[in-house]
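# Just a sequence and a predicted model for now, questions to come.
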Amino acid sequence: MVLIGSIRVFVRVRPALPEELAASINEEKRRKKWSFGFDNLFDPSHSQEDVWEAAEPLVQCAIDGHNTTLFAYGQTGSGKTHTMLGDSGNEGIIYRSIRKLFGAKTQIEELSKGGKIVSLSVELLEIYNEQVRDLLSTKAGGHETSLKISGNKAVGSINQPVTNEAGVFKILQRAQKLRTVKATSSNATSSRSHFLFTIDFCVTSEDGTKQVGKLNVCDLAGSERLSKSGANVTGRGALLKETQNINLSLSNLSNVIEKLQNGDKNVPYRDSKLTMLLQNSLGGNSKTLCIVCANPLQTHFHETLCSLRFAAKINKVDLKSVQNFSA
Ligand SMILES: Nc1ncnc2c1ncn2[C@@H]1O[C@H](COP(=O)(O)OP(=O)(O)OP(=O)(O)O)[C@@H](O)[C@H]1O
């Protein structure tokens, strides 16, 4: 993959889950076809390893000193958390990125050659109901405190220096437990917040020159129609507010990317916390990969089509590399 230009888009259609299989048998096939162009398409037979192999060059870009962002977008329950975080034994992109950095024949060793000093630090934030929270806070209830943003930084957030794989895994696992997750009508463990994992690199040469790079990996909260989430039911006001906030910030993200693609000077970064924090990592010389996740069932056809339209909007590819998708 040649990493020139701005945004790459992969689409990943997850397999039907055992409990969904029975429901999908009687689904009527649609006749109408839509065609979209993407950089990569993963069907249900593709593994975490396959997705990692395609995403790895982007992680390498961060190590080489670029501001790089990978984010997962899609309907609730479509496989974003599975793709970005995964489970032990079936790890997703964040865990594999850390292994790439610190594992055998490490990138860190490579970077440290010739007396260079490599320092790394990790930041873990969630954006819940348009409030930025620090998942690395160790104060009791500290992760529920809302942080202000100045420029594109969460004021007072912890940048935890890290030196080894085990250390990063430990803080990541703790942060995952603190993340706001709730049951919705579509997903028993739905992430109700955007999860932002950032690793900063700084390589200082003997003459004092510094090379910095940043890798952001975001597991975004799932988009969902109010009726499907069950949020419009009386007494579920909190869920309604969450769903509205999630949808609003995802539509702001889409607007920002569209304006960047069009070369517009007025990019509405300040319209949501997510785009404020990602301001320096979208556009310009940054490298961005969006993994659009999709549910394979016909019942979710409209949501899948919306996600694919979002993907098509941000991924203006030339027709030579078009792959077809029909739903
Ligand atoms: N490629 C896959 N292979 C097998 N199972 C998968 C795959 N992708 C997702 N799943 C399973 O599907 C379910 C929903 O996935 P996941 O929680 O990752 O969705 P999500 O998009 O993060 O949802 P939300 O936005 O509600 O948090 C989980 O049980 C997950 O293990």
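Okay, I see it.

# Quick check: residues of this protein near the ligand?
Contact residues (CB under 6 Å from any ligand atom) of the chain with the ligand: 14-15, 17, 74, 76-82, 187, 190-191, 221-222, 293. C-beta coordinates here come from the backbone N, C-alpha and C atoms, glycine included.

# Among those, which are located in strands?
74, 190-191, 293 (DSSP state E).

# Tell me where the model's unsure across this structure.
For the chain, the stretches flagged by pLDDT under 70 are 1-6, 24-30, 103-107, 185-186, 225-237, 316-327.

# and the closest residue to the ligand within the stretch 201-327 of the chain, what does it touch?
The minimum distance from the stretch 201-327 of the chain to the ligand, using CB to the nearest ligand atom, falls at residue 222 (2.5 Å). Taking CB atoms under 8 Å, 6 or more residues apart in numbering, we find residue 222 in contact with 74-78, 80, 187, 190-191, 246.

# Neighbour count added to the residues you listed, as TSV?
Listed next are the contacts of residue 222 as TSV, based on neighbours: other CB atoms under 10 Å:
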residue	neighbour count
74	31
75	24
76	24
77	27
78	28
80	27
187	19
190	23
191	25
246	28
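
# What segments of this structure are helices?
Using DSSP state H, the helices of the chain run over 18-25, 48-63, 80-84, 93-102, 107-111, 165-178, 226-229, 237-261, 273-277, 301-314.

# on that earlier part again, in TSV: the ones in strands among the residues of the chain next to the ligand, plus distance to residue 176.
Below are those laid out as TSV (distance: CB to CB, whole Å):
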residue	distance to residue 176
74	19
190	14
191	10
293	18
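
# And those, which is closest to residue 174?
residue 191 (16.2 Å; CB to CB).

# doesn't residue 82 make contact with that closest one?
No: with contact defined as CB atoms under 8 Å, residue 191 does not reach residue 82; the gap is 11.0 Å.

# residue farthest from the centroid of the protein?
Largest separation from the mean C-alpha position in the chain: residue 207, at 36.3 Å (CA atoms, centre = their mean).

# Next, find the distance separating it from residue 115.
To residue 115, residue 207 is 10 Å away according to CB to CB, to the nearest Å.

# List the buried residues of stretch 202-211.
Going by neighbour count (16 or more other CB atoms under 10 Å), the buried part of stretch 202-211 is residue 203.

# tell me how far the ends of it are from each other?
6 Å (CA to CA, to the nearest Å).

# now that stretch: how far from the chain's centre is it?
In terms of CA atoms, centre = their mean, to the nearest Å, the centre of stretch 202-211 is found 30 Å from the chain centre.

# In contact with residue 146, which residues?
By CB under 8 Å, 6+ apart, the neighbours of residue 146 are 131-133.

# Mind picking the two most distant members of the ones in strands among the residues of the chain next to the ligand?
Maximum pairwise distance among those (CB to CB): 13.2 Å, between 190 and 293.

# From residue 73, how far off is the residue of the stretch 201-327 of the chain closest to the ligand?
For residue 222 relative to residue 73 (CB to CB), the value is 9 Å.
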